[in-house]
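[1] fold the stuff below for me.
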Amino acid sequence: MEKKKGLVLVYTGKGKGKTTAALGLALRAIGHGARVFMVQFKKGDPNYGEIQAIRKYLPTFSVFQAGKNKMYEGILKEDDLTVTRDGFQIGKEALFSGKYNLCIFDEINVIMDYGLLPVSDVLEMLAQRPAHVDVVLTGRNAPAEIMETADLVSEVKEIKHHFKAGIKARPGIEF
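    The predicted model follows:
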């Protein structure tokens with residue numbers, strides 16, 4: 001896959017679909033011969049549909065889950081600081097390894113918003129990354145400094161959500 005300049009793409013906002021957008025981009029890149037790495041923060045369930053599909057059908061897509069399955073009432077579990085920092089280190093190693101054309105840091109904006117990862121660490125990583133690698137940062141509440149650095153920022157806005165009608169999370173839609 002021929003590359004000139006790697007881009008920084010941010011998917012943020014309160015609406016559903018930020019991770020899905022990143023996964024769609026990954027699928028598109030793989031179709032053009034790219035190798036993709038994704039670290040998922042706040043997510044640790046290997047039964048998510050995307051994790052099952054990646055492992056079954058996409059040999060050039062590597063994924064590492066760094067976190068618990070979810071937050072409980074907005075509170076992260078005690079060990080999430082260590083899990084988050086370990087996940088960030090693994091993501092950085094993948095980014096700098098030379099093996100990947102696209103690296104996705106799923107839910108990293110939330111991790112920065114909660115103060116578990118300094119924005120300056122992410123900005124430093126982006127400034128030092130290999131010039132040809134595209135990087136995607138997803139999650140609500142992307143810091144202003146991240147959005148200023150990015151080449152693309154898309155905000156996903158919720159207009160209507162089926163949860164408000166009492167419809168629960170479903171496999172294949174939410175996970």
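[2] the residue nearest in space to the middle of the chain and residue 48: what is the separation?
    Geometric centre of the chain, nearest residue: residue 106, 1.4 Å, by C-alpha atoms, centre = their mean. Applying C-beta to C-beta, to the nearest Å, the value for residue 106 to residue 48 is 11 Å. For the C-beta atoms, the positions are set from N, CA and C on the backbone; glycine is no exception.
[3] okay, helices next: where are they in this protein?
    18-31, 49-57, 80-96, 108-113, 119-128, 144-149 (DSSP state H).
[4] hey, which of those helices is tucked in deepest?
    With neighbours defined as mean count of other C-beta atoms under 10 Å, those peak in mean count at helix 108-113, which reaches a mean of 24.
[5] that helix packs against which elements?
    strand 36-41, helix 80-96, helix 119-128, strand 134-138 (3 or more C-beta pairs under 8 Å, 6 or more residues apart in numbering; DSSP states H and E).
[6] export those as a markdown table, with columns for distance to residue 155.
    Output for these, formatted as a markdown table (distance: least, C-beta to C-beta, whole Å):
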| stretch | distance to residue 155 |
| --- | --- |
| strand 36-41 | 19 |
| helix 80-96 | 23 |
| helix 119-128 | 18 |
| strand 134-138 | 12 |
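[7] packing partners of the lowest-mean-pLDDT helix or strand in the chain?
    Every helix and strand in the chain was compared by mean pLDDT, DSSP states H and E; the lowest is helix 80-96, with a mean of 92. For helix 80-96, the packing partners by 3+ C-beta pairs under 8 Å, 6+ apart come out as strand 36-41, strand 61-66, strand 102-106, helix 108-113, helix 119-128.
[8] now the angle from it to strand 134-138?
    160 degrees (axes from the mean of the first three to the mean of the last three C-alpha atoms, to 10 degrees).
[9] please consider this matter closed, and thank you.
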